[in-house]
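A.B. asks: Okay, here's the prediction I keep looking at, along with the sequence it came from:
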Protein chains: 2
Amino acid sequence: MSFNEAFKAIADPTRRKILSLLRNGELTAGEIASHFDMQKPSVSHHLKILKQADLVQDRREGQHIYYSLNTTVFQDLLRWFYDFVERGEKHVEE
Amino acid sequence: MSFNEAFKAIADPTRRKILSLLRNGELTAGEIASHFDMQKPSVSHHLKILKQADLVQDRREGQHIYYSLNTTVFQDLLRWFYDFVERGEKHVEE
DNA sequence: TCCGTATTTAGATAATTTCCTAAATGTCTA
DNA sequence: TAGACATTTAGGAAATTATCTAAATACGGA
């Protein structure tokens, strides 16, 4: 179920850029928003979708909320693609 | 450019199921459609999106059109995920 | 050429998604 | 507690997407 949410989350270029930004370490919502020509509520919405898909985690520190990658779901997705490239046998869909 | 199209194509569960079906070898449009509770034009539409994203190829043989996987784009996508899991250094976004 | 089968294209509708502005919430400091 | 800052929630408009039915195209065989 969360598999589908993750694929949908990654389908959006803004959200993929957010994920890429987070590869260098955690960032606050405001820092993330500063990289986009978009209002903060819109970025916040994208962050919510990434969080629901378990692709990122958040933690509050004072007024700031820090976002960071949760790589465990990436591993599941990685395997999905791997099964296509490695023309192996048994493949289970979601 | 096609990178974004591929992610969008894969975001849909019907299309992911089509891709999974094709892992066992090429199938005609009709054979693919028979696996879904959906009219054939709808499946045809999904196939078109997969083709535009270069995830599948098609070839006509008489009245039938055979679809098969094109794994080269899968390799690009695989690398994208790999770069997240392997907490490496330089990462280039699209 | 006419018919049947396979598939796609066209056009419409309903659902979903993205983005905006305005308002609310949470936290710190004075 | 009041004010400022960081962030999210709410509500709505515009764009995109998924699906349907009907019609068109492509091919093979009589």
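C.D. replies: Received it, and whenever you're ready, just let me know what you need. Residues are numbered from 1 along each chain as shown, chains lettered A, B, ... in the order given.
A.B. asks: now the helices for chain A?
C.D. replies: Ranges of helices within chain A are A:2-10, A:13-22, A:29-33, A:40-52, A:71-85, based on DSSP state H.
A.B. asks: Columns mean pLDDT and mean neighbour count on top of the ones you listed, output as JSON lines?
C.D. replies: (Each C-beta comes from the backbone N, C-alpha and C, glycine too.) Putting the helices of chain A into JSON lines (pLDDT from 0 to 100; neighbours: other Cβ atoms under 10 Å in any protein chain shown) gives the following:
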{"stretch": "helix A:2-10", "mean pLDDT": "95", "mean neighbour count": "19"}
{"stretch": "helix A:13-22", "mean pLDDT": "98", "mean neighbour count": "19"}
{"stretch": "helix A:29-33", "mean pLDDT": "98", "mean neighbour count": "17"}
{"stretch": "helix A:40-52", "mean pLDDT": "98", "mean neighbour count": "16"}
{"stretch": "helix A:71-85", "mean pLDDT": "93", "mean neighbour count": "18"}
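A.B. asks: among these, which is nearest residue B:60?
C.D. replies: Nearest to residue B:60 among those is helix A:71-85 (24.1 Å), distances taken as Cβ to Cβ.
A.B. asks: Spell out which residues of chain A are next to DNA strand D.
C.D. replies: With Cβ under 7 Å from any atom of the strand as the criterion, chain A meets DNA strand D at residues A:28-31, A:33, A:40-41, A:43-45, A:47-48, A:58, A:63-65.
A.B. asks: Run through these and flag the ones next to chain B.
C.D. replies: Taking Cβ under 8 Å from any Cβ of the partner chain, there is no overlap between the residues of chain A next to DNA strand D and the neighbourhood of chain B.
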